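Visitor: A predicted structure for the sequence below; I have some questions about it.
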Amino acid sequence: MTEGAHDDSLQPNNLARWRGATALVTGASSGIGRAIAWALAVRGVRVVATARRSERLDNLVSRVRAEHPDADIHAYTCDLLAAGAIDQMFSDLSRRFGGMDILINNAGHGRGAALIDGEVDDWRNMLDLNVLALSHCTQRAVAGLVARGVPGHIVHIASMASHRVPRGGGMYAATKHAVRALTEGLRQELRARDLPIRVTAISPGFVETEFAEVATGSTKKARETYARYPCLKSEDVAGAVCYALGVPQHMQVHDILIRPTAQPD
């Protein structure tokens, strides 16, 4: 399979209804976000890939267009933690593309910051990105969809840590438990207002990305983590996103839990 590819037989429906729609994918410069942006773009969705690292975004866009000349994919450099950055991004993209139909809240990270002796700045950074930035993006996306009067879909990339607490990862797990609560809270708010917007959480276990290296601060420890058994690939998570987006409008996939077959917990 080429980068970003997955098995279409897993989908009860395809993404034809989203052809020409616009999807914003946060944290798209690497790993899961990159795979999601690729998978959507090659299936006819207009994709705006955003992250802090502009050179990586440019590489993604050029590679997708080289392999799929008809793909409609664009880069937008944004630091979601910078003051005013999210409001500016949504305003810019609304002027340029008319608004977002799909929001993939993928941006997030973990730090090895224990509760007893972890760095407060690490806690704050995880909470700011994993919870507050996700919520801010969601609010702006919903407001845009309501103003336009169109259906939409919001996907949160959560974690198996939203269903359990890995040893030493209490604060990270707390942020992902928050994402799980926010998914259900958003669903309730959308239903109370009878809005045609669906929400999905995707909760993967170990995925072989840059995550472990960032969390541990060690390339060696990251390699050891991913060498224990065959881990998920970013494309596996992208396939789950495509599945959730591809089901009929009357059906909402609320939470998908996926883990490596060999993962023990």
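Guide: That came through fine. Since the structure is predicted, the reported quantities are computational estimates derived from the model, not experimental observations.
Visitor: And the helices in this structure, which stretches?
Guide: Under the criterion DSSP state H, the chain carries helices at the ranges 31-41, 54-67, 85-97, 120-126, 134-148, 170-192, 211-216, 219-226, 234-246.
Visitor: right, and these - which one's nearest Met160?
Guide: With distances scored as CB to CB, the stretch of those nearest to Met160 is helix 170-192 (8.3 Å). (Glycine included, C-beta is placed from N, CA and C.)
Visitor: Just want the angle from the closest one to helix 134-148.
Guide: In this structure, helix 170-192 runs at an angle of 20 degrees to helix 134-148, with axes from the mean of the first three to the mean of the last three CA atoms, to 10 degrees as the basis.
Visitor: what does helix 170-192 rub up against?
Guide: Helix 170-192 is contacted from outside by 108, 110-111, 113-115, 118, 122-123, 126-127, 130-131, 134-135, 138, 142, 154, 156, 158-159, 161-166, 197-201, 203, 215, 252, 254-255, using CB atoms under 8 Å, 6 or more residues apart in numbering.
Visitor: Now the buried members of the residues you listed.
Guide: 108, 110-111, 113, 118, 122-123, 126-127, 130-131, 134-135, 138, 142, 154, 156, 158-159, 161-163, 197-201, 203, 215, 252, 255 (16 or more other CB atoms under 10 Å).
Visitor: quick one on the thing from earlier: could you say which one of the helices of the chain comes nearest to Thr77?
Guide: The stretch from those with the least distance to Thr77 (CB to CB) is helix 54-67; that distance is 4.2 Å.
Visitor: and that closest one, what does it pack onto?
Guide: Applying 3 or more CB pairs under 8 Å, 6 or more residues apart in numbering; DSSP states H and E, one finds that helix 54-67 contacts helix 31-41, strand 46-51, strand 73-77.
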